[in-house]
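Chemist: Below are the sequence and a predicted model for it; my questions follow.
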Amino acid sequence: MPKFRPVTHVIFDMDGLILDTEKLYKSTVAAIVSDYGKIYSPEVRLAVMGTKAFDSAKIIVESLNIPITVEEFATRAKEEQAKVMGDANLMPGAERLIRHLHYSKVPIAIATSSSHENFVLKTAKHAELFRYFHHIVKGSEDPEVKEGKPAPDIFLVASRRFQAMPPPEKCLVFEDSPNGVKAAVRAGMQVVMVPEEYVPDEYKQDATIVLKSLLDFKPEDFGLPPFPN
C-alpha cells in the first residue's frame with residue numbers, strides 16, 4: 001500500500017469534481033464547433049479541462065482551426081453555458097465528503113477556474129453546501145492567480161488564504177483534470193484524482209492516488225478523521 005503524507009487542509013476543484021458540469025461543457029462546446037464542421041475531440045477536451053475560460057477558448061479555436069476570434073468563441077460559449085449550468089448536479093460522494101470534513105473541523109477551500117458570475121450560476125442549487133468552505137478562489141478573475149492550471153498559482157493562493165497558512169505539503173487537493181493534477185503537484189501538494197472514464201492512463205500518472213469516485217476516498221489514509229460507521 002502506498003505511503004501517503006498526513007495533511008491538515010483540503011482544497012477542492014469544482015467542475016467535474018464537486019459539480020457534474022463537464023458533460024454540460026462538452027455538449028455546449030460540441031454544438032458550437034459543429035456549426036463550423038468540427039468535432040470536439042477527447043484530445044481537445046483533455047487540453048482544456050481545468051483551464052480558465054479564455055484559455056479554453058483559445059485552445060479550442062486554435063486546435064480546431066475555427067474561423068472566428070477567440071473573443072467571439074468565448075462570448076458564445078459563455079452565452080450557451082449560461083442556459084444550462086444552473087442545472088448542474090452534485091457528483092457522487094461530494095456532499096458526503098464535504099459535510100464530513102466540515103463537521104470534523106478540517107479547513108476546506110475551493111480552487112476553481114470559474115469566474116464569479118459562473119460560480120454563482122453553477123452553485124445556486126447547492127448554496128447551503130458551498131457555505132461550508134473557508135474560502136473560494138476563482139482563478140479567472142483573481143488578481144493573485146497570474147497563470148491558470150497547469151501552473152500552480154491557484155493552489156498556492158488557496159493555501160495562503162487559510163487562517164493557519166499551512167505549507168503546501170500539508171494540503172490535499174481533489175481534482176478531476178490532468179491540468180489540475182499537474183498544478184497541484186507543481187504546488188508541492190498531494191492530489192486525489194477522480195477522472196472521467198475517457199481520460200487515458202498516461203494522464204493519471206502524476207496523481208498521488210486515482211479513484212473512480214469520491215465515494216471511494218478514505219480520509220484516514222491522509223491522517224484525516226475517518227467517516228463514521
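Modeler: The structure has been received and is ready for your questions.
Chemist: all strands for the protein, in order.
Modeler: Under the criterion DSSP state E, strands of the chain are mapped to 9-12, 108-112, 135-138, 171-175, 190-193, 209-210.
Chemist: Packed most tightly, which of the ones you listed would that be?
Modeler: Ranked by mean neighbour count under mean count of other Cβ atoms under 10 Å, these are led by strand 171-175, which reaches a mean of 28. Every residue, glycine included, has its C-beta placed from N, CA and C.
Chemist: can you give me the angle that strand makes with strand 108-112?
Modeler: Per axes from the mean of the first three to the mean of the last three Cα atoms, to 10 degrees, the angle that strand 171-175 makes with strand 108-112 is 50 degrees.
Chemist: so what are the domain limits for the chain?
Modeler: Each domain of the chain is listed here as a residue range: 9-20+89-217, 22-86, per automatic domain parsing.
Chemist: Select from those domains the stretch with the lowest mean pLDDT.
Modeler: Per-segment mean pLDDT for the domains of the chain reaches its minimum on domain 22-86, at a mean of 91.
Chemist: follow-up on the earlier one: can you put the strands of the chain in CSV and add distance to residue 78?
Modeler: Output for the strands of the chain, formatted as CSV (distance: least, Cβ to Cβ, whole Å):
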stretch, distance to residue 78
strand 9-12, 23
strand 108-112, 15
strand 135-138, 15
strand 171-175, 23
strand 190-193, 28
strand 209-210, 32
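Chemist: Pull out the buried positions in stretch 6-21.
Modeler: Neighbour counts using 16 or more other Cβ atoms under 10 Å place 7-21 of stretch 6-21 among the buried residues.
Chemist: now for it, what's the gap between its first and last residues?
Modeler: For stretch 6-21, the first and last residues are 30 Å from each other (Cα to Cα, to the nearest Å).
Chemist: what's the answer for stretch 217-229, then?
Modeler: Length of stretch 217-229, first residue to last, Cα to Cα: 14 Å.
Chemist: for stretch 12-32, same thing?
Modeler: 29 Å.
Chemist: Residue 13 and residue 32, how far apart?
Modeler: Relative to residue 32, residue 13 is positioned 24 Å away (Cβ to Cβ, to the nearest Å).
Chemist: so how far is residue 74 from residue 162?
Modeler: Residue 162 sits 32 Å away from residue 74, taking Cβ to Cβ as the criterion.
Chemist: Hmm, I typed the wrong one, I wanted residue 168.
Modeler: Applying Cβ to Cβ, one obtains 31 Å for the distance of residue 168 from residue 74.
Chemist: Over to residue 91?
Modeler: Going from residue 91 to residue 74 by Cβ to Cβ gives 26 Å.
Chemist: How about residue 4?
Modeler: The spacing between residue 4 and residue 74, counted by Cβ to Cβ, is 39 Å.
Chemist: which residues of the protein fall in helices?
Modeler: Using DSSP state H, the helices found in the chain span residues 22-34, 42-48, 53-64, 70-82, 94-103, 116-123, 127-130, 153-160, 178-186.
Chemist: Make CSV out of the ones you listed and add distance to residue 110.
Modeler: Output for the helices of the chain, formatted as CSV (distance: least, Cβ to Cβ, whole Å):
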stretch, distance to residue 110
helix 22-34, 16
helix 42-48, 19
helix 53-64, 16
helix 70-82, 19
helix 94-103, 10
helix 116-123, 9
helix 127-130, 8
helix 153-160, 8
helix 178-186, 12
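Chemist: I appreciate the help and will end here.
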